[in-house]
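[1] Model the structure of this input:
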Amino acid sequence: MHAYEITLLNFLKKKRSASFEELKTTGIGEDALRWAIEELSKMGAISVEREELESVELSEEGKSYLKEFPEERLIKELSKGSMRIGAIKNKIGLIWAKKNGWIKIDGDKVELTGEGRNAIGKEYALRSALSEIAKGVVKESAELGVLSKRKLVRIGKKSIIKNIVLTETGAKLNPIEEGIGPLTPEMLKTGSWRGKSFKAYDVNAESAIIYPARMHPVHEFINIIRSTWIGMGFMEVSGPIIESAFWNFDALFSPQDHPTREMQDTFFLSNPKTIDIEDVEALSKVKAMHEHAWKERWHKDLAKQALLRTQTTSVSVHFIRKYAGIMNANYPVKLFSVGKVFRNESIDYKHLSELHQSDGIIIGDNLALSNLIATLKSFYEQVGFPDIRIRPSFFPFVEPGLEVYYHDDKLNDNIELCGAGIIRKEITKAMGLNKDVLAWGMGLERILMRYLGIERISELYENSVAWLRKRKEIIW
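    Residues are numbered from 1 along each chain as shown. Below you'll find the model as predicted:
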């Protein structure tokens, strides 16, 4: 019998029963004490009375909100004057300030309401409730429900040891030390372990949870996407994140007065403000394509605007142009890219302003919509989406176009996964390519959102250490 078990048993022989707090007076460490209780319980030497209690504890994100909530910080910033929505990086604060009625949004302008001005510097009910929970005071309230919904607190059950009672079996035991258990630094220093036997380890005994290093789920999933496309015979390509409007919009048949080009949808840069278009031939052909199709004057200055790419299709059109100059390519050519794109969108449960996309193209002869649908179905089946649905849709650079989506029963919403179609002849002609091109662009976070069972895409980037440790493993 281990020394810890002997100490505990002898203590209980004098008292017959004791609380966990009383047993700590034996000098045994808390973890070792729990182990000894478990071992003696297995032997039937003691009986353990447990109590189930509701547990409420702060998440890592919740701890960061103890001093100030994002919505409180936002209204302080807005007290200096209104702001453009695109300039507000505090998206969580924006959402909750709007819910609280503290701000109003007029177009792309955000400003305080009277209620918001009154809230500055005042006690915030959510922060007060969070502070109370941090001190161990938990009360049923509407605030507790909101804090739980925002993943700032975790509500669960925990079992505590209330009382330990010596049984008749335990009273009859005459404890003898069977061998050395854990080696202590003192034993190693003095060599007292020499010549003694060691107690066998119970491999089924409970042990402390160890959290090994893990890759972030987004990066892990990107690797899965890569291996899936490569396994389907595709080659990976890449392109710049900072792009000209020419390759991001104009070369893809998007008219220069299209709403997506406006500041509320696109992040235009001030440094560099413009990017020169070195491909003079492509520039001339795209100009002719626009003026013929849209019957309006095409402006080179607008095409030179520098921006953060809004789609990885900008990579695809670069390679459509490249293959126009390759005479003896082994068709069909199958290419894919994976990378970040940026859109100045309102943040909600399925939208972010920064996300990952995977684009792909197949270049060849006599390619039809059926080839595209078969390719997408094969891909989504391999990444755990056998139940995708397909319907007609419009995108400026494809004709015909289609949309891949699934119905989320939990959210009761149709979630778009992918836009696809056959690249317009106007584009392939302007790029100098006399081939059919199948194309698609898909968001990766929405696939991952469903697989991990999360309700908001933003949860992927909140970097809660607890969630990252325990989140569902991605296995394909």
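[2] What ranges does the stretch 51-200 of the chain have for its helices?
    60-64, 70-78, 91-99, 114-119, 125-134, 142-149, 168-172, 185-190 (DSSP state H, counting those that start in this stretch).
[3] Include mean pLDDT when you put the ones you listed into TSV, please.
    Shown next, in TSV, are those (pLDDT from 0 to 100):
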stretch	mean pLDDT
helix 60-64	89
helix 70-78	93
helix 91-99	90
helix 114-119	93
helix 125-134	92
helix 142-149	89
helix 168-172	87
helix 185-190	87
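[4] okay if I get the ones you listed as JSON lines plus distance to Ile241?
    To be clear about C-beta, it is placed using only N, CA and C from the backbone, and glycine gets the same treatment. Output for those, formatted as JSON lines (distance: least, Cβ to Cβ, whole Å):
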{"stretch": "helix 60-64", "distance to Ile241": "28"}
{"stretch": "helix 70-78", "distance to Ile241": "27"}
{"stretch": "helix 91-99", "distance to Ile241": "20"}
{"stretch": "helix 114-119", "distance to Ile241": "36"}
{"stretch": "helix 125-134", "distance to Ile241": "37"}
{"stretch": "helix 142-149", "distance to Ile241": "34"}
{"stretch": "helix 168-172", "distance to Ile241": "69"}
{"stretch": "helix 185-190", "distance to Ile241": "53"}
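[5] Out of those helices, flag the one nearest His216.
    helix 60-64 (15.1 Å; Cβ to Cβ).
[6] so which of the helices of the stretch 51-200 of the chain comes closest to Pro332?
    Nearest to Pro332 among the helices of the stretch 51-200 of the chain is helix 91-99 (41.5 Å), distances taken as Cβ to Cβ.
[7] mind showing which ranges of the protein have poor pLDDT?
    53, 175-179, 181, 205-206, 263-264, 475-476 (pLDDT under 70).
[8] With respect to Ile454, which of the helices of the stretch 51-200 of the chain lies nearest?
    helix 142-149 (13.1 Å).
[9] The closest one - contacts with which helices or strands?
    Secondary-structure packing of helix 142-149 (3 or more Cβ pairs under 8 Å, 6 or more residues apart in numbering; DSSP states H and E): helix 125-134, strand 153-166.
[10] Most tightly packed of these?
    helix 125-134 (a mean of 17; mean count of other Cβ atoms under 10 Å).
[11] C-alpha coordinates for that helix, CSV please?
    The C-alpha trace of helix 125-134 is given here as CSV (Å, rounded to 0.1, in the frame of the first residue of the first chain):
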residue,chain,number,x,y,z
ALA,A,125,-24.8,45.5,-16.4
LEU,A,126,-22.9,42.8,-18.3
ARG,A,127,-19.5,43.9,-16.9
SER,A,128,-20.9,44.0,-13.4
ALA,A,129,-22.3,40.4,-13.8
LEU,A,130,-19.0,39.3,-15.2
SER,A,131,-17.1,40.8,-12.2
GLU,A,132,-19.4,39.1,-9.7
ILE,A,133,-18.8,35.7,-11.4
ALA,A,134,-15.1,36.3,-11.3
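[12] where does that helix sit relative to the chain's centre, distance-wise?
    26 Å (Cα atoms, centre = their mean, to the nearest Å).
[13] Stretch 392-410 now?
    On Cα atoms, centre = their mean, the centre of stretch 392-410 falls 24 Å from the chain's centre.
[14] Now that stretch: buried residues?
    Using 16 or more other Cβ atoms under 10 Å as the test for burial, stretch 392-410 gives Ser393, Phe395, Phe397, Val398, Gly401, Leu402, Glu403, Val404, Tyr405, Tyr406.
[15] of all the residues you listed, which two lie farthest apart?
    Top of the distance list for these (Cβ to Cβ): Phe397 and Tyr406, 23.8 Å.
[16] Neighbours of Pro182, how many?
    Each residue near Pro182 was counted by other Cβ atoms under 10 Å, and the total is 13.
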